[in-house]
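Q: Sharing a model that was predicted from the sequence below.
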Amino acid sequence: MATFILIVHLITCLLLVLVVLLQSGKDGGIGMMAGGGSQTVFGSSGGANFFTKFTSGAAAVFMITSILLTVTKGGRKASVFGNVPANAETTTSAPASPAAAPATASSPAASPAMAPASPAAAPKKR
């Protein structure tokens, strides 16, 4: 049943897009690409009543199928934490402290020029 509703929904989406693009608005829309031929196909009124009614019907079908798909496919979802006991304690271990590497003559920290300067003493307040 949900597959049928989905197919009707997709066809309605495509028809709705096409009908909206065919309608002539201020600038004529895609309907003017045929040189105004859409007016002769749908009579002297230019199909305005047909397109208006068809758009309203397609929009109603779109809304109804959207709601039906939400109801049929939107079953109750369980939480991802549903299987975790409430009193479970998490064990976190502190990362091991890195061992201090001995300074060698080739390391930058061994040269006095690269060593950080000691902080200056703050002046005493009187």
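A: Looks like it came in fine.
Q: mean confidence score for stretch 9-28?
A: Predicted confidence along stretch 9-28 averages 84 (mean pLDDT).
Q: Go through it and flag the buried ones.
A: By neighbour count on 16 or more other C-beta atoms under 10 Å, the buried set for stretch 9-28 is H9, T12, L15, L16, V19, L22, Q23, S24. Glycine gets a C-beta too; all of them are placed from N, C-alpha and C.
Q: Helices of this protein, start to end?
A: 2-22, 37-41, 48-73 (DSSP state H).
Q: picking that back up, can you redo the buried residues of stretch 9-28 as CSV with distance to S79?
A: Listed next are those as CSV, based on distance: C-beta to C-beta, whole Å:
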residue, distance to S79
H9, 29
T12, 34
L15, 39
L16, 36
V19, 42
L22, 47
Q23, 46
S24, 51
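Q: just curious, which of those is nearest to S66?
A: Of all those, S66 sits closest to H9, with 6.9 Å by C-beta to C-beta.
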